[in-house]
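>>> From the sequence below, what's the structure:
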Amino acid sequence: MSAGKVIAYIFAAILIFFGVLFIWATFSPDGQIGWLLVGIISVGIGFGIIWLAGRKRPSAAPSQGEGVTLNIDLPGDVSLDTLKCQSCGGSLTADNIQMLAGAPTVSCPFCNTTYQLTEEPKW
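Numbers count the residues shown, from 1 in each chain. Here you go, the predicted structure:
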């Protein structure tokens, strides 16, 4: 939680506390009806500050040129020219390889089969 939110919550709590005291004092023998209005306004502003401080602000959108680059190191001596689907034998390209749950997976555009690339031992 940021320092600004903490300050806003503390300020709202103070406003609500004094607002309740004003509302409560309205009903004392020496109370005035104007205190009720002050109390209601103070409590309302306090809850409004809590609502504003609690709102999640949208994160800044990345500017043009910023982005995430994902490099996939294919296991073993795999050549993209010879990569074929294990199910139908269709030719696959780099566009068919993506990272899912931290593992390189291949999605065949011909038979819609999805499977994970595995590295075979090199010995």
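
>>> Against which helices or strands is the longest helix anywhere in the chain packed?
In the chain, taking DSSP state H as the definition, the longest helix is helix 3-26. Under the contact definition 3 or more Cβ pairs under 8 Å, 6 or more residues apart in numbering; DSSP states H and E, helix 3-26 sits against helix 33-54. All C-beta spots, glycine's among them, are computed from the backbone N, C-alpha and C.

>>> quick one: Q98 is in a helix?
No: using DSSP: H, G, I helix; E, B strand; the rest coil, the assignment for Q98 is strand, not a helix.

>>> for it, what are its contacts?
By Cβ atoms under 8 Å, 6 or more residues apart in numbering, Q98 lies in contact with 104-105, 107.

>>> That one bridge partners, please.
Per DSSP bridges, the residues bridged to Q98 are T105.

>>> how near is it to F110?
Distance of Q98 to F110, given as Cβ to Cβ, to the nearest Å: 16 Å.

>>> again with P29
Counting by Cβ to Cβ, the gap from P29 to F110 is 87 Å.

>>> neighbour count winner among these two?
A direct count of neighbours by other Cβ atoms under 10 Å for P29 and F110 places F110 higher, at 13 against 4.

>>> okay, that one: pLDDT?
For F110, the model assigns a pLDDT of 87.

>>> surely it meets G90?
Yes: using Cβ atoms under 8 Å, F110 is in contact with G90, at 3.9 Å.

>>> Next, show the common contact partners of those two.
Any residue near both F110 and G90 by Cβ under 8 Å, 6+ apart counts here, and not one turns up.

>>> Verify the stated contact: I40 with G19.
Yes: with contacts counted by Cβ under 8 Å, I40 reaches G19, the gap being 7.1 Å.

>>> which of these two has more neighbours?
G19 (20 against 14).

>>> Might you report the residue contacts of that one?
38-46.

>>> hmm, which of these are the buried ones?
38-39, 42-43, 46 (16 or more other Cβ atoms under 10 Å).

>>> In contact with I16, which residues?
Applying Cβ under 8 Å, 6+ apart, we find I16 in contact with 42-43, 46-47.

>>> can I see the domain layout of the protein?
According to automatic domain parsing, the chain comprises the domains 3-54, 74-123.
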